[in-house]
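# need the 3D shape of this:
(one chain, ligands or ions: 2)
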Amino acid sequence: MQTLTITRPDDWHLHLRDGEALTTTVPDAARCFNRGIIMPNLVPPVVKAEQAAEYRERILAQLPAGSEWQPLMVIYLTDNTSADDIADIASSDFIKAVKYYPAGATTNSDSGVTDLAKTYTALEAMEKAGIPLLLHGEVTDADIDIFDREAVFIDRHLVGLRQRFPGLKMVLEHITTRQGAEFVAQGDVNLAATITPQHLLYNRNHMLVGGIRPHYYCLPILKRDVHQQALIRAATSDSGKFFLGTDSAPHTKNNKENACGCAGCYSNHAAIELYAEAFEQAGALDKLEGFASHYGPDFYGLPRNQSTITLARDPWQVADTAPLGNDTLVPLAAGQTLQWKLQS
Ligand code: DOR
Ligand code: ZN
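Residues are numbered from 1 along each chain as shown. Ligands and ions are numbered 1, 2, ... in the order given. Coordinates of the predicted model:
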């Protein structure tokens, strides 16, 4: 096969940041996607509908002329999110979800939830209003090994949350483990998961063997290869429960190549090409369209996109660096050759 035409995909999880960064992150997000679910972990976080409206305007101001890409906004769940806050979200046209970060789990998560029980009033209101809860599914307990944080979150918290709020739509974001993939596959229609390109293409050996490679460091952290294989099976399974969410998360080169480097991989320079690479390696290019373009909108209750994109088999080398606003980042797969290229 030399070309592949699919329904235009959407990105159901990405970070654009704010200010100058938007001048490069927004055009990158819009290059192949039609919609993006925009993470709210700014400083300070996006906790009110009004803040989301203002952030959306700053994003739209950077949209390339002629682009139809739409930012779908997300509110950051805190211990103090009220039923009134949820009512504001429910009456908004462009806020599509609420994001749970455990306090201290990752980049800019200091305002995150300290105890899930404190959010039950908000979750109940979301369940009634049909607003999805997006979960950063990791525990932060000091006694839990970083490689076990996702599996322990499922046992300690997610099982109980599903029982307490069976009508609440939940997306277990950026799953990284066999346990995550199996739990979602066995769940009901209100449970789904996103999967990033890095967790399909790489495992922890890529990050740690032969030297420590900070540009593979993200959270949840890359796991061992058996987990990578489980994620590939889930992404290519056609079950409708797994869909595209890049978790593209820009940090400057300096902040990554650092004695205490930041977590996050930037993938929106080549998102669909990276997924095509992973699906082709799995012999499942025919499953890319469902994962990238159908199952996400189906879960969110939004229409599938009408337009298409075309990829061509045309090997090309990813640049070593790319701009992040006025600064520089190192994109995912920097210097590597990818087989598929988006046709403009
Ligand atoms: O690696 C990550 N980076 N994981 C997250 O959950 C947050 C993200 C970021 O905002 O940089
Ligand atoms: Zn994220």
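
# quick one: the strands in this protein?
Counting by DSSP state E, the chain has strands at residues 3-7, 11-14, 35-38, 70-76, 95-100, 133-135, 170-172, 191-195, 242-244, 308-317, 322-324, 327-329, 337-342.

# quick one, which of those strands gets closest to residue 23.
When these are compared by Cβ to Cβ, strand 322-324 sits nearest residue 23, at 8.3 Å. C-beta: built from backbone N, CA, C; applies to glycine.

# contacts for the closest one?
Residues outside strand 322-324 that contact it (Cβ atoms under 8 Å, 6 or more residues apart in numbering) are 21, 24-25, 250-252, 266, 269, 328-331.

# need those residues in TSV (columns: pLDDT, neighbour count and distance to ligand 1).
Shown next, in TSV, are those (pLDDT from 0 to 100; neighbours: other Cβ atoms under 10 Å; distance: Cβ to the nearest ligand atom, whole Å):
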residue	pLDDT	neighbour count	distance to ligand 1
21	98	20	12
24	98	23	15
25	98	29	12
250	98	28	8
251	98	26	6
252	98	16	11
266	98	29	9
269	98	22	16
328	98	13	16
329	98	26	11
330	98	23	14
331	98	24	14
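
# contacts only, for residue 74.
Contacts of residue 74 (Cβ under 8 Å, 6+ apart): 37-40, 46, 52, 95-99, 134.

# need the residues of the stretch 151-300 of the chain near ligand 1, please.
Residues of the stretch 151-300 of the chain lying close to ligand 1 (Cβ under 6 Å from any ligand atom) are 218-219, 249, 263-264.

# ok, those vs residue 33, which is closest?
Taking Cβ to Cβ as the measure, residue 33 lies nearest residue 249 of these, at 15.6 Å.

# please look at that closest one and residue 266 and confirm they touch.
Yes - between residue 249 and residue 266 there is a contact at 6.6 Å, judged by Cβ atoms under 8 Å.

# nearest residue to residue 61 other than its sequence neighbours?
residue 22 (7.7 Å; Cβ to Cβ, 6 or more residues apart in numbering).

# coming back round to it: got JSON lines for the strands of the chain, with distance to residue 185 too?
What follows is those, written out as JSON lines (distance: least, Cβ to Cβ, whole Å):
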{"stretch": "strand 3-7", "distance to residue 185": "23"}
{"stretch": "strand 11-14", "distance to residue 185": "18"}
{"stretch": "strand 35-38", "distance to residue 185": "22"}
{"stretch": "strand 70-76", "distance to residue 185": "25"}
{"stretch": "strand 95-100", "distance to residue 185": "21"}
{"stretch": "strand 133-135", "distance to residue 185": "16"}
{"stretch": "strand 170-172", "distance to residue 185": "11"}
{"stretch": "strand 191-195", "distance to residue 185": "9"}
{"stretch": "strand 242-244", "distance to residue 185": "8"}
{"stretch": "strand 308-317", "distance to residue 185": "27"}
{"stretch": "strand 322-324", "distance to residue 185": "35"}
{"stretch": "strand 327-329", "distance to residue 185": "34"}
{"stretch": "strand 337-342", "distance to residue 185": "27"}
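
# no further queries at this time; thank you.
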